[in-house]
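Novice: Got a predicted structure here, sequence first:
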Amino acid sequence: MKSPHFDHHIQAKIFAKLRYNSELRYKDLKEPELEPSQFMYHLKELMGQKVVVKTPKGTYRLTGHGAELAQHFSTEAQNIRLGVLCYSLVFLRSDKGRWLVSTRKKHPHINKYACISGKVHTNETLKQAAERELAQFTGGTITTSLVYKGSASVMVETAEYTTHIYGPVWFGDNIPETEVPDVPHATSQWIDWQTLPYENFIPGWKEIVEMIASSKPQLLDLQFST
């Protein structure tokens, strides 16, 4: 995958905004303090790299290539960091038998249902990474002992882009259904996931839930085309 070179912070800010939105109008994408000519220069740079495209409606969105790159965008570095992506995958079930389902607010797979997940950082254990993501996604409202249930490699190929993550699966069970606040990257709710349209889930949810129900940790190697 060829990575764009964000040689200016304005390009990184444009990309970061579109990462959290399906599409944006010009006035919502441009920072008020920027000169229109300066903003358009950097926007056109991203369009030239085929990261951003203008829609027939006049709005702007990430291309398939841009959505693929979004999983490699580092918020801390404000740039693309390519490499093997190791994620914590955290599944939670309540004392009422419902699961915590998160709706993603950023690319890739924006607006899709998923579990709590996030990249493992350098210098932290896998369990520390899972506990950090749990605290971030739930605003610290849920504390539970997480149990390792196996690992999963999930590759999803769409018509526009391919995503591939790998990581340990963690499970918390019998959790009181406290209200979970919205966070910038997701909205979460306790729900019987089987009542939701499964085509709106990131592929792999069902297979991982089945692995969680098994008696021994497994390694899932999943590949989907949508």
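Specialist: Everything's here; your move. Numbering: from 1, shown residues only.
Novice: Can you point out the buried residues in the longest strand anywhere in the chain?
Specialist: With secondary structure taken from DSSP state E, the chain has its longest strand at strand 162-175. For strand 162-175, the neighbour count (16 or more other C-beta atoms under 10 Å) marks Thr162, Thr163, Ile165, Tyr166, Gly167, Pro168, Val169, Trp170, Phe171, Gly172, Ile175 as buried. C-beta: built from backbone N, CA, C; applies to glycine.
Novice: Stretch 79-89 too?
Specialist: Residues of stretch 79-89 classed as buried by neighbour count (16+ other C-beta under 10 Å): Asn79, Ile80, Tyr87, Ser88, Leu89.
Novice: Enumerate every residue touching Gly150.
Specialist: Pro168, Val169, Met211, Ile212, Pro217, Gln218, Leu219, Leu220 (C-beta atoms under 8 Å, 6 or more residues apart in numbering).
Novice: Kindly report the same for Ser225.
Specialist: Per C-beta under 8 Å, 6+ apart, neighbours of Ser225: Glu157, Thr158.
Novice: So what does it look like in phi/psi?
Specialist: Main-chain dihedrals, Ser225, degrees, to the nearest 10: phi -120, psi 130.
Novice: What residues are bridge-paired with it?
Specialist: Applying DSSP bridges to Ser225 yields these beta-bridge partners: Glu157.
Novice: Break down this protein into its strands, ranges please.
Specialist: 52-54, 60-62, 73-74, 79-80, 87-94, 99-104, 113-114, 116-119, 147-157, 162-175, 186-191, 218-225.
Novice: Could you dump those strands into a markdown table with distance to Gly139 and mean pLDDT added?
Specialist: Shown next, in a markdown table, are the strands of the chain (distance: least, C-beta to C-beta, whole Å; pLDDT from 0 to 100):
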| stretch | distance to Gly139 | mean pLDDT |
| --- | --- | --- |
| strand 52-54 | 32 | 97 |
| strand 60-62 | 27 | 97 |
| strand 73-74 | 23 | 84 |
| strand 79-80 | 28 | 83 |
| strand 87-94 | 14 | 97 |
| strand 99-104 | 13 | 97 |
| strand 113-114 | 18 | 98 |
| strand 116-119 | 12 | 94 |
| strand 147-157 | 22 | 96 |
| strand 162-175 | 15 | 95 |
| strand 186-191 | 10 | 95 |
| strand 218-225 | 29 | 96 |
